[in-house]
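Visitor: would you be able to build a 3D model of this:
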Amino acid sequence: MKNLLTLFCLIFSFSSLSQSISAQGVFNRTIENDKDAEKLLIDYYFNRSLDLGVKHGEELFTKYSDSPKVGAWYTALLARNEEVDSSVEIANTLKERFPNNPWTSFAETRALGSSPEKRDSVASNLDMVVQLHPNNEYFHWLKAVILSNVGKKEESSNYIDSLSETEFKNSIILLSLKGSNLLSSNFRSEEQEGMEKFEEGLQIFEEIRAEHPDWVDAYYLPAYYLNLKGQRDEPFELLEQIVYQTNSYRVHSFYWRLLTSNDKLTKEEKFEKIQKGTSYIDENGYLGPKFLFGLSSTYGGLGDKEKRFEYEERVLNEYPNHLNTEWVLVERYRTYSRENLKAISEDADPEVISNYEEMLWEFVNKPFHIRETLLGDAYRELFHVSQFKEKDAIVPETLLEIVEGMILYEGINPHITYARAPVFLSETTEYFERAKEIVREGIPVAIAKIEGQNERNVYKTEEDYQRSLSWMQAIMYDALGWINFQEGILDSAEIYLSRAYSLNSENSINLNRLGQLNEFIGNLDKAESYYKKGLKIESMGVNPNIESIKALYIQRNGSEELFEDYLANIKNEGEIDKMQEVLSEYMKNGDSFPGFELKDLSNNTFELNDLKGKIVILNVWGLWCGPCVQEMPDIQLLHEKYEKDSEVVVVTINNDPSIDKVKEWMDEEDYDFVVLRDDGFLAQQKIYVFPTTWFLDHNSEIKFIKEGYTKNLVEEYTWRIDYIANND
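Guide: Below is the predicted model of the structure:
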């Protein structure tokens, strides 16, 4: 650690204030006046020491309330720390105190420039803000950074270049921003020009490291974007050079993520490095709630439950009203749910359900909540667990409270909040009118969800978008129809259930409800027809049409004798239809699959080229992905089926950050199929659906792609494999 005298010599050895910023020696500085306070807050900002900067910024803004510059940099720190509302609040305070001061405009621009709703309007007034203080590099930097934030990165870089003939030509903050623009705009580019610009960005930061070895972003930003490009070693090495000289949470948390997945280090070495970084922060900074929560998650990922609990308890006890406290409670009830999934969903163990509900209500009943989406998550889980309780154990008023809580706070899954939840409400209570109101309120919400996804280019084609829109609308009308059926309003039930079917004829639940409706009114042939169609639809979980068609069979035949033969014939018809559907997706002239070199769990290199001449089933998955994990027993069976077949090989790519966690899970489940570690390859291929499985022929050409969960995996994958073998 540099001493104070060395620090001040370093500070005054450069021509501009920005060049004095060092990752070391800035945390325990003596503050004697507002100028010292300004310099300290600037150092915090550009060192990414945001938590400590916000903490001290509040104190310094109170102490030096007559300094608009102190207030401006406190505002900037809040904005960069994603505390936008607080940032705007401080900017408004400065506006009241110093209405005509340039630093007030600086603060307001930086605060509003972080608001998604305001940033575009702010960007149109940047020249005016710069003219308020044209001889100050921070005002020029502000213009460039806001342009970058609104997506005008090339314009931002061009503006920085326009200053190259001025006194700001060697400004480290401007050069660093230009380097950031080049990396962020071109890290995914496959064009020559884009790759050259990316290299230019790397070169800028290499030069900065040579001149200013303590400049945090000269290590952090190249490491961040190189990691996004799929590299692991160089990002880790870059962070190793700076992580013990900064108390930036972003730097340390990113380092921990790379450290966790580093297969060249033992678990003991990883623990040692984490402790070294933690000691540095303890001595030189602020081991606040973000750090404590990050450490708990990191130790949890490495399998140290004792350390995880220790840091979680510190968050709960030291920061009871912080967002990370909410996250601790959320992670605890999620962990309990994962560990007791069978006891909750299959066994419906009353004690386990009661314990889980207690944890959820403890979170819901907190005096206040910082992030409402987490409150929505808890209400959704309360609803989920209610579905596994005995009907006489459900308190109608409590269930209604849960559903109303979902409506207020659960904004992620409209098909659950506005369809599944009111349906369950109608099945277990007599709140029929409220249930129907909820669905009607939800129809425009659900449509808006799909339309919003379309605006964000989630769907590859117009056909995909229209299919999703129809799927969502069908779910809503199906719910409305079934609630009417529960209430006994059969005409409306038939209208809405039929409308749902016209929008999506491939929903086994809707087909089952249409069957039940027709069975109730005596149209048994029509009911049987719907049940048969529903049986042929692949879906997760138990297909409800099995029990329904069995009951109808017994009703019509007087016993269940020969029912299994009857059911086998239906399934055989469905299997033939399904096989034809699956094989129709065969790509005669498929693209070649991109080559890769990935490490397996034993750190051996695995190359796609080594598989030429084989049919390859390549599945991507993660432990975080429920449908992926649900498929894994079948992936193992498929592997065992073809393990001794020299023509076929089953390979998987896992993208979990912790290799130790994956190894442990594979051992626990006694799986031995090939697992390769994703090094960014999947992101490069723009794979966003998990699970996804590719089927490659002997020349590594893609012949089939299956996205999402597959119920009868071994059977359906075998169809594809045989078809490739016979048509290659």
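Visitor: residue 606: what's it in contact with?
Guide: 597-600, 651, 674, 676 (CB atoms under 8 Å, 6 or more residues apart in numbering). From N, CA and C alone the C-beta is placed, and that goes for glycine too.
Visitor: generate a ChimeraX selection restricted to the buried subset of those residues.
Guide: Those of these that count as buried under 16 or more other CB atoms under 10 Å are selected in ChimeraX with:
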select :598,599,600,651,676
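Visitor: closest to residue 364 out of the contacts of residue 606?
Guide: Of all these, residue 364 sits closest to residue 676, with 41.3 Å by CB to CB.
Visitor: look at that closest one and give its secondary structure.
Guide: strand (DSSP: H, G, I helix; E, B strand; the rest coil).
Visitor: which non-adjacent residue is nearest it?
Guide: residue 598 (4.0 Å; CB to CB, 6 or more residues apart in numbering).
Visitor: hey, what's the one you found bridged with?
Guide: residue 606 (DSSP bridges).
Visitor: contact partners of stretch 287-297?
Guide: For stretch 287-297, the surrounding residues in contact (CB under 8 Å, 6+ apart) are 51-52, 55, 249, 252-253, 256, 274, 278, 281, 307-312, 314-315, 318-319, 322-325, 327-328, 331.
Visitor: ok, the residue nearest to residue 676 - contacts?
Guide: So residue 598 contacts 605-606, 653, 676-679, 681 (CB under 8 Å, 6+ apart).
Visitor: any idea which of these is closest to residue 403?
Guide: residue 678 (38.7 Å).
Visitor: skip the chain neighbours and tell me the closest residue to the closest one.
Guide: Nearest one to residue 678, counting by CB to CB, 6+ apart, is residue 655 at 3.8 Å.
Visitor: please tell me how far residue 189 sits from residue 182.
Guide: Distance of residue 189 to residue 182, given as CB to CB, to the nearest Å: 11 Å.
Visitor: the two: which has the busier surroundings?
Guide: Neighbour count, other CB atoms under 10 Å: between residue 189 and residue 182, residue 182 has more, with 26 against 13.
Visitor: so residue 538, which state does it fall into?
Guide: Applying three-state DSSP: residue 538 is coil.
Visitor: chain neighbours aside, what residue packs nearest to it?
Guide: Closest to residue 538 by CB to CB, 6+ apart is residue 711, at 4.8 Å.
Visitor: hmm, residue 536 and the one you found touching each other?
Guide: No. Using CB atoms under 8 Å, residue 711 is not in contact with residue 536, being 12.0 Å away.
Visitor: make sure residue 362 is actually in contact with residue 329.
Guide: Yes. Counting by CB under 8 Å, residue 362 does reach residue 329; the two are 7.2 Å apart.
Visitor: thinking again about what came up before, so between residue 711 and residue 536, which is more surrounded?
Guide: Ranked by neighbour count (other CB under 10 Å), residue 711 and residue 536 place residue 536 first, with 19 against 15.
Visitor: now that one: closest residue in space, sequence neighbours ignored.
Guide: Per CB to CB, 6+ apart, closest to residue 536 is residue 574, 3.3 Å.
Visitor: who touches the helix or strand residue 448 falls within?
Guide: Using DSSP states H and E, the element containing residue 448 is helix 432-455. Helix 432-455 has contacts (CB under 8 Å, 6+ apart) with 400, 403, 407, 414-415, 417-419, 421-423, 425-426, 459, 465, 468-469, 472-473, 475-476, 479-480, 483-484, 486-487.
Visitor: quick one: residues contacting the residue of the chain positioned farthest from its centre.
Guide: Distance to the chain centre peaks in the chain at residue 558, reaching 53.1 Å (criterion: CA atoms, centre = their mean). Neighbour list for residue 558: empty [criterion: CB under 8 Å, 6+ apart].
Visitor: give me the phi and psi for it.
Guide: Backbone geometry at residue 558, expressed as degrees, to the nearest 10, gives phi 80, psi -10.
Visitor: in this protein, which helix or strand is least confident?
Guide: One helix or strand of the chain scores below all others by mean pLDDT, DSSP states H and E: helix 4-11, with a mean of 32.
Visitor: toward the C-terminus, what is the element adjacent to that helix?
Guide: Taking DSSP H and E, what comes next after helix 4-11 is helix 34-46.
Visitor: and whichever helix or strand comes after that following helix, how far from the chain's centre?
Guide: Next helix or strand after helix 34-46 toward the C-terminus (DSSP H and E): helix 50-63. What separates the centre of helix 50-63 from the centre of its chain is 31 Å, taken as CA atoms, centre = their mean, to the nearest Å.
Visitor: what about residue 649, which SS state?
Guide: Classified using three-state DSSP, residue 649 is strand.
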